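**Q** Generate a structure from the sequence data that follows.
(one chain, ligands or ions: 1)
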Amino acid sequence: KVHFYSWEISYQFKSPDCYKKLAVTINGETPGPTILAQQGDTIVVEVKNNLLTENVAIHWHGIRQIGTPWFDGTEGVTQCPIVPGDNFIYTFVVDRPGTYLYHAHYGMQRSAGLYGLIQVAVPDGFVEPFAYDDDRSIILNDWWHNSTYELATGLSSIPFVWVGEPQSLLINGRGKFNCPAAQPTSSCNATNPECSPFVLTVVPGKTYRLRIASVTSLSALNFEIEGHNLTVVEADGHYVKPFVVKNLNIYSGETYSVIFTANQDPSRNYWLAVNVVSRKPGTPTGTGILNYFPNHPNRPPPTTAPPASPPWNDTEYRFKQSVDARAHPNYVLPPPPTSDRTIILLNTQNMVDGHMKWSLNNVSFNLPHTPYLIAVKENLRHVFDQRPAPETYDYRNYDIYAKPKNPNATTGTPIYRLGFNTTVDVILQNAKMPGNSSSETHPWHLHGHDFWVLAHGHGKFDPERDPKRYNLVDPIMKNTVALHPFGWTALRFRADNPGVWLFHCHIEAHFSMGMGVVFAEGVDRVGKLPTSIMGCGESKNFLGSP
Ligand SMILES: O=C1O[C@H]([C@@H](O)CO)C(O)=C1O
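**A** Presented below is the predicted three-dimensional model:
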């Protein structure tokens, strides 16, 4: 089946948390429409860029784009930006059931509101390993009152201006900023229906599958439904061995399905609550309402206080959830027992020519002007660095608990060329920040693949000792995984999807400061590139060629 969508991208005044500001919308809405499809269906999205002066590109997060690497929607990697006034048609197959996302992948535009959900149903007759009466979804986000341009300009300025903590947390695009009395109601109006809380209505006794996705620009979140345990059954489109939590830690770019039953006192309503964890919170709890039918949705609101998260700096609590997630026993896809190559990526915050950057093995990522897919396929060797990207760092001598020894990194555009069909391990290594005594959580997202999560560890990864601890029995597969403070995360994937793929921290500010790398594999097998992805840099030369 083919699903056709026609999306007009435009700026609109929106008040998702009661404070009025410009948002990038799809057909006038943020979040955008949910794409509903079934495994094997084709999705066609015609994007019309009606932003007056701003490019756009849309990434289909978690969709592997097998056979269509040019429609991954990653500006600078797989396509040129869609310029104002232009149309662009994305066509791709959703080859696996599950919960996925889409969002802007140009500059820091995601934080301006261009995002939504993709839900892919199982084939007819397929029985999922859990039961429920009804299916609901929520998408979580963090929200700033400064424009995306102010945020991005601060990050690239000398001196550096950090984005700071968000003003609000949004559940399905709704939050509540405490409008100051001095602010005119035309710019902040607590009674604006756009910022009335999101209401999830349930029938007492029924069981629900709740799909939960996060597209935050910065925040790691903890989600809780007051008084209701959640059984985690799906993560990033893969069935997991069910485990029960009181609240769920969710990082930007992750999706989960949880099962819960409306089995509490039905005479009242309950809070949906989302809190910032892992960074010292400066944002009030984001709330919504779990409404037991037939109570009024939000009159009166629950008289209890909305749930607080576990302590924001309880890293062990979040680490435990990461290691508790295992593949569902009936759906284990065993990883290859060995790998052909191990890439160790140390992430550090460094200065480059007076700018604050993030780098991997001392190289801070920079997008070339000609998208990599076109440059690699057409062998344009002069448009990006040809020296190989660094395979590891000096792990014998580097102290991850000390401030970066070399405060200066370089910026560059090198790539990792992966042998087609080889098995690659990536070890993400965290370390201390230069400015303070902490180490932050980074959710890493891989385009074009799912990876096995072989292990999470504390401290410095030891290439002799730690591979012996890998879970080769029932590791979960994901497309986004947390790298915890002062820890390491080991991933394995097969380089079996011809194309050029970004691997990056999903914190929008961190990617914009250089926290990413690029993998290229089997590009000689990629078919003729569509001219619609071209037009910028040297790709102009290929327009109209036979
Ligand atoms: O990248 C970041 O920069 C700031 C801080 O380290 C420097 O101000 C911060 O909290 C980040 O996550």
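**Q** Please determine how far residue 147 is located from residue 467.
**A** To residue 467, residue 147 is 46 Å away according to CB to CB, to the nearest Å. For every residue, glycine as well, the C-beta is placed using N, CA and C.
**Q** Give me the more crowded residue out of the two.
**A** More crowded of residue 147 and residue 467, by other CB atoms under 10 Å: residue 467, with 18 against 15.
**Q** quick one: the residue lying closest to residue 507 once chain neighbours are set aside from residue 88, how far?
**A** Spatially, and ignoring its direct neighbours in sequence, residue 507 is nearest to residue 218 (5.4 Å; CB to CB, 6 or more residues apart in numbering). Per CB to CB, residue 218 is found 28 Å from residue 88.
**Q** need the contact list for residue 259.
**A** Contact analysis of residue 259 by CB atoms under 8 Å, 6 or more residues apart in numbering lists 130, 132, 207, 208, 209, 210, 230, 231, 233, 242.
**Q** Dig out what residue 11 forms beta bridges with.
**A** With DSSP bridges applied, residue 11 shows beta-bridge pairing to residue 24.
**Q** distance of the residue nearest to residue 10 when sequence neighbours are not counted from the ligand?
**A** Excluding the flanking residues, the one nearest residue 10 by CB to CB, 6+ apart is residue 50, at 4.3 Å. For residue 50, the distance to the ligand equals 33 Å [CB to the nearest ligand atom, to the nearest Å].
**Q** quick one, what contacts the residue nearest to residue 507?
**A** So residue 218 contacts 142, 163, 165, 166, 252, 279, 507, 508, 509 (CB under 8 Å, 6+ apart).
**Q** out of the residues you listed, who's nearest the ligand?
**A** Distance to the ligand across the contacts of residue 218 (CB to the nearest ligand atom) is lowest for residue 509, with 6.0 Å.
**Q** and the closest one, which of the three is it?
**A** Secondary structure assignment for residue 509 (DSSP: H, G, I helix; E, B strand; the rest coil): helix.
**Q** neighbours around the closest residue to it other than its chain neighbours, how many?
**A** Of all residues not flanking residue 509 in the chain, residue 163 sits nearest, at 5.2 Å (CB to CB, 6+ apart). Residue neighbour count, defined by other CB under 10 Å, stands at 22 for residue 163.
**Q** per-residue pLDDT, residue 163?
**A** pLDDT recorded at residue 163 is 98.
**Q** Could you pull up phi and psi at it?
**A** phi -70, psi -20 (degrees, to the nearest 10).
**Q** List the residues that contact it.
**A** Counted by CB under 8 Å, 6+ apart, residue 163 has contacts 144, 146, 151, 154, 155, 217, 218, 509.
**Q** let's see 7 Å
**A** Contacts for residue 163 (CB atoms under 7 Å, 6 or more residues apart in numbering) come out as 144, 151, 154, 155, 218, 509.
**Q** helices or strands up against the helix or strand hosting the fourth one?
**A** Per DSSP states H and E: residue 155 is located in helix 148-156. Packed against helix 148-156, as judged by 3 or more CB pairs under 7 Å, 6 or more residues apart in numbering; DSSP states H and E, are the following elements: helix 508-512.
**Q** Which residue ranges of the protein form helices?
**A** Taking DSSP state H, the helices of the chain run over residues 148-156, 315-324, 372-377, 508-512.
**Q** and the second one, what does it pack onto?
**A** Helix 315-324 sits against strand 451-458, with contacts defined as 3+ CB pairs under 7 Å, 6+ apart.
**Q** Which residues outside the strand it packs on are in contact with it?
**A** Contact with strand 451-458 is made by 319, 322-323, 335, 466, 469-471, 475-478, 481, 484, 486-493, as judged by CB under 7 Å, 6+ apart.
**Q** Make a PyMOL selection of the buried ones in those.
**A** Per 16 or more other CB atoms under 10 Å, the buried members of these correspond to this PyMOL selection:
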select buried, resi 319+322+335+466+470+471+475+476+477+478+481+484+486+487+488+489+490+491+492+493
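**Q** taking the contacts of strand 451-458 one by one, which sit in strands?
**A** Among the contacts of strand 451-458, the residues falling in strands (DSSP state E) are 477, 478, 481, 487, 488, 489, 490, 491, 492, 493.
**Q** give the contact list for the third one.
**A** Just to be clear, that refers to residue 481. 444, 453, 489, 491.
**Q** what bridges to it?
**A** Here residue 481, judged by DSSP bridges, has bridge partners residue 444.
**Q** Could you pick out the residues of this protein near the ligand for me?
**A** Contacts of the chain with the ligand, taken as CB under 6 Å from any ligand atom, map to 162, 349, 433, 435, 440, 510.
**Q** Out of these, which comes closest to residue 262?
**A** residue 440 (36.8 Å; CB to CB).
**Q** where does that closest one fall, phi/psi-wise?
**A** Dihedral pair for residue 440: phi -100, psi 170, per degrees, to the nearest 10.
**Q** Measure how buried it is and give me the count.
**A** Using other CB under 10 Å, residue 440 has 20 other residues around it.
**Q** hang on, isn't it packed against residue 485?
**A** Yes: using CB atoms under 7 Å, residue 440 is in contact with residue 485, at 6.3 Å.
**Q** give me the number of residues near the residue of the stretch 401-546 of the chain found nearest the ligand?
**A** Nearest to the ligand in the stretch 401-546 of the chain, going by CB to the nearest ligand atom, is residue 435, at a distance of 4.7 Å. Neighbour count for residue 435, taken as other CB under 10 Å: 11.
**Q** Quick check: closest non-adjacent residue to it.
**A** For residue 435, ignoring the flanking residues on the chain, the nearest one in space by CB to CB, 6+ apart is residue 349 at 7.4 Å.
**Q** ok, that neighbour to residue 434 distance?
**A** Distance from residue 349 to residue 434, by CB to CB: 6 Å.
**Q** same deal with residue 12?
**A** In terms of CB to CB, residue 12 sits 40 Å off from residue 434.
**Q** All set now, cheers.
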